[in-house]
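[1] Let me see the structure of the following:
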Amino acid sequence: MIAAWMLWSVGAGLMFLVAGLAAERLLKGGRRWVWLAAGIGTVALPAIRLLTTSPPTAGGAPPAVPILLDPLAVTVARDSALHSLDDLLLLGWVVLSAILLVGALIGGARFMRRRASWEPGTLLGRGVLWSRVTGPAVVGLFRSLVVLPSWVRGAGAERQALILAHEEEHLRARDVQLRFACGALLLAFPWNPALWLQYRRLNLAIELDCDRRVMNRLPEHRRLYGDLLLRVGSGHGALPGLAVAALAEQPSLLERRIRQLLKKAPEVKMAQAAFLVFGALVVVGVALSIPGITGEGPAGLDGSEESEAGVADLSAEPRFTPYTVAPDRINDAEIVRALEREYPPLLRDAGIGGTVVVWFFIDERGVVRNQFVQESSGHQALDEAALRVAPIFRFTPALNRDQAVPVWVTFPITFRTGGGGEEAAQSEMDATEARQRAALERATRVIEARLAAGESDAGEAGEVDISASPAFTPYTTAPQRTNDQEVVRALEREYPPLLRDAGIGGTVNVWFFIDEEGVVRNQRIQTSSGHGALDEAALRVAPVVRFTPALNQGEAVPAWVAFPITFGTTPGGEGTRGDAAEREANATEARAESGWRPGFRYSREDGAYVLRPSHTSDLKCSLPRDGGTVRCRVVAAGPAG
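    As a prediction, the model looks like this:
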């Protein structure tokens, strides 16, 4: 990962270098800011990319909401040679930065020794430091001073004025601090050649900008100033360092300064300027768009189809696997038997238990394909027993945008004494039994009511028309209203004027039959408001309501649901959004979470109604032709009727 990120950083830095070369051709002054921006971009952009594209670690629990992956992410394979270089490159990075830092400290110590031999004085009325050979230069990060070599004393007034003007421009532009800031970037990222090239261009830009400002002040001394540059460049007064800005520069840069000084600045035509600006913007845009570098990730995290090799690699160890619907256990009874069987006898007899948190890799069919201990129970025997129990688990498949996907998830496996190890799953089994009992009771009551209404012999065998009257309609995702504003307008329109003017309101609980597209196809009064006019108005409003379709395991299904419709005379009192609606919506959501449904859907098959209140069991209810009590019993789940 480090090697790939370094390569990416070098590429981005070279892009900024090219953009800087294009941009500085347009400028007569202020070139140094171009290279400061290039240096900051070379460091900041890779740092931002590293922070924003780092993949989630396998140690954390997978989030419930999928993370959208960057479409420009470059994946580095686990077996890539770049991974093998990470440790070596990281060590080299630290060592190289340390060497440069030690060199800077040694240079600082040498500077302090030289500084002790310099004598304070004046030149043309300005305070300076006099040295034997060092300078001309501006030194000092916090309190910058001008240091001059002794030969300047006899250089003549015109040359002295030019030298002082040059160093004063460095002081005014705070070039010492600028060089120090960019030098610090080199200490932090010494392995990036683009930064070194940018730093070299920055030094030239600082001097060219300073030369230009001096010539703007003293334009009549252009040739004398060039002669002075030759005189300084042929000496040995340069003082290398991070907190130095000097008239004396490296000989390789001196020729460029003199050429720039003696030639007339070329006029850049508008077409050329536009082309260069466009080129610089394109290069910076490419630098910003260079793909990010991430570690190896499984194929198909964005919902695309995975190869068998990809799935096998995904199952090798816990990692981030996005999903929108979590898997659920479906075979608690079998798990309890496995817990009893695998519980180490010595620990069980000694009354020792514990909980093992286990990573499960679950494939698209809900089958456990791999498992690891995430958190130990503190007893190795219990940990090993938990790993033997884990393959027994069966789950509903995890879904990502309604598509079954393989995932890593964690579940606790608990061994306890006194209950034969059953307590870990007992609460879930109790909840399942309670839902089945409730469904049995409701099935009995509703079927009896239909028989009492004379429907015992109605219709041929097959599916009953569930839209005729409220009935059980299973769903895993409840429908939600989508047009409350339109409903409010309908309520205002249908509110009986006499009742509204009299301040009389009320709530009507209405059964809605919603088809697969979320359209209301039938409605019935569940609970009256006590006013016939309000009940009739509610039934006129009901067809206006629009819903999202109910979903049953990801498939849109028709459903009967109950919602309150409230008429009130106070502001905000009308509509389906009042307190009663909120309570009903919360109750509906809670029932959806628990799996309970207000009613049932059924198909008639061989003289019995078959209901499906859960994934693992059906209810089969007899229909006596001569009346009497309807009896229902739980049977193993069969094909859906």
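[2] Next SSE downstream of the helix or strand in which residue 538 is found?
    Residue 538 belongs to helix 532-541 when assigned by DSSP states H and E. Next helix or strand after helix 532-541 toward the C-terminus (DSSP H and E): strand 550-552.
[3] which element follows that following strand toward the C-terminus?
    Following the chain from strand 550-552 toward its C-terminal end, the next helix or strand by DSSP H and E is strand 555-557.
[4] Mind giving me the packing neighbours of that next one?
    Contacting strand 555-557 under the criterion 3 or more CB pairs under 8 Å, 6 or more residues apart in numbering; DSSP states H and E are the following elements: strand 550-552. No exception for glycine: its C-beta is placed from N, CA and C like everyone else's.
[5] what does the strand it packs on contact?
    Strand 550-552 is contacted from outside by 473-479, 514, 556-559, 561, using CB atoms under 8 Å, 6 or more residues apart in numbering.
[6] a markdown table for those residues, including distance to residue 193?
    Rendered in a markdown table, the data for these read as follows (distance: CB to CB, whole Å):
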| residue | distance to residue 193 |
| --- | --- |
| 473 | 68 |
| 474 | 66 |
| 475 | 62 |
| 476 | 58 |
| 477 | 56 |
| 478 | 60 |
| 479 | 61 |
| 514 | 66 |
| 556 | 59 |
| 557 | 63 |
| 558 | 67 |
| 559 | 65 |
| 561 | 67 |
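[7] Can I get those residues in a markdown table including neighbour count?
    Rendered in a markdown table, the data for the contacts of strand 550-552 read as follows (neighbours: other CB atoms under 10 Å):
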| residue | neighbour count |
| --- | --- |
| 473 | 21 |
| 474 | 19 |
| 475 | 22 |
| 476 | 16 |
| 477 | 17 |
| 478 | 18 |
| 479 | 22 |
| 514 | 27 |
| 556 | 18 |
| 557 | 19 |
| 558 | 20 |
| 559 | 28 |
| 561 | 21 |
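[8] Now flag whichever of those is closest to residue 390.
    residue 476 (25.7 Å; CB to CB).
[9] Report the contact partners of that closest one.
    Applying CB under 8 Å, 6+ apart, we find residue 476 in contact with 551, 552, 553, 554, 592.
[10] TSV for the residues you listed, including neighbour count?
    Converted to TSV, the contacts of residue 476 look like this (neighbours: other CB under 10 Å):
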residue	neighbour count
551	17
552	17
553	15
554	14
592	15
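[11] And those residues, which is closest to residue 15?
    The shortest approach to residue 15 among these belongs to residue 554, at 45.5 Å (CB to CB).
[12] So what's the residue count around the closest residue to that closest one other than its chain neighbours?
    Counting by CB to CB, 6 or more residues apart in numbering, residue 402 is the residue found nearest to residue 554 once chain neighbours are left out, at 4.3 Å. Residues lying near residue 402 (other CB atoms under 10 Å) number 12.
[13] wait, residue 402 sits on residue 477?
    No: between residue 402 and residue 477 there is no contact, the gap being 10.2 Å when judged by CB atoms under 8 Å.
[14] May I ask which helix or strand of this structure has the lowest mean pLDDT?
    strand 73-75 (a mean of 41; mean pLDDT, DSSP states H and E).
[15] what are the bridge partners for residue 357, then?
    The residues paired with residue 357 through beta bridges, assigned by DSSP bridges, are residue 375, residue 412.
[16] Wait, it touches residue 378, no?
    No: using CB under 8 Å as the test, residue 357 is too far from residue 378 to be in contact (11.9 Å).
[17] So the two - more neighbours on which side?
    Neighbour totals were compared for residue 357 and residue 378, and residue 357 leads with 16 against 11 (other CB under 10 Å).
[18] and that one, how far is that from residue 44?
    40 Å (CB to CB, to the nearest Å).
[19] try residue 17
    Here the criterion is CB to CB. By it, residue 17 lies 15 Å from residue 44.
[20] Poorly predicted segments of this structure, please.
    Within the chain, the ranges that satisfy pLDDT under 70 run 1, 28, 52-84, 233-312, 418-465, 570-641.
[21] Buried residues of the longest helix along it, list them for me.
    Counting by DSSP state H, the longest helix found in the chain is helix 86-117. Buried residues in helix 86-117, defined by neighbour count with 16 or more other CB atoms under 10 Å: 93, 97, 104, 107, 111, 114.
[22] between those, which is nearest residue 179?
    For residue 179, the closest of the buried residues of helix 86-117 turns out to be residue 104, at 12.4 Å, with distances computed as CB to CB.
[23] That closest one contacts residue 187, doesn't it?
    Yes: applying CB under 8 Å as the test, residue 104 and residue 187 come out as touching, 6.8 Å apart.
[24] Which one of residue 17 and residue 44 is surrounded by more residues?
    residue 17 (22 against 11).
[25] so who does that one touch?
    Residues near residue 17 by CB under 8 Å, 6+ apart: 38, 194, 197, 198, 201.
[26] Grab the nearest non-local neighbour of it.
    Ranked by CB to CB, 6+ apart and with sequence neighbours excluded, the top spatial neighbour of residue 17 is residue 194, at 5.2 Å.
[27] Would you mind splitting the protein into its domains for me?
    When the chain is parsed with automatic domain parsing, its domains come out as 308-421, 429-464+602-636, 484-594.
[28] Residue 214 reaches residue 164, doesn't it?
    No: counting by CB under 8 Å, residue 164 is not a contact partner of residue 214; they are 10.0 Å apart.
[29] Of those two, which one has the most company?
    The neighbour count for residue 214 versus residue 164, taken as other CB under 10 Å, is higher for residue 214 (24 against 20).
[30] buried ones in the host helix or strand of the more buried one?
    Using DSSP H and E, residue 214 falls within helix 193-217. Using 16+ other CB under 10 Å as the burial criterion, the residues of helix 193-217 that qualify are 194-195, 197-199, 201-215.
[31] Run the angle between the next helix or strand after that helix and helix 193-217 for me.
    Proceeding C-terminally, helix 193-217 gives way to helix 222-233 as the next helix or strand, assigned by DSSP H and E. With axes from the mean of the first three to the mean of the last three CA atoms, to 10 degrees as the criterion, the two stretches helix 222-233 and helix 193-217 enclose an angle of 140 degrees.
[32] which parts of helix 222-233 are buried?
    For helix 222-233, a neighbour-count test (16+ other CB under 10 Å) marks 225, 226, 228, 229, 232, 233 as buried.
[33] And it, what does it pack against?
    Under the contact criterion of 3+ CB pairs under 8 Å, 6+ apart, the helices and strands touching helix 222-233 comprise helix 157-173, helix 193-217, helix 251-262.
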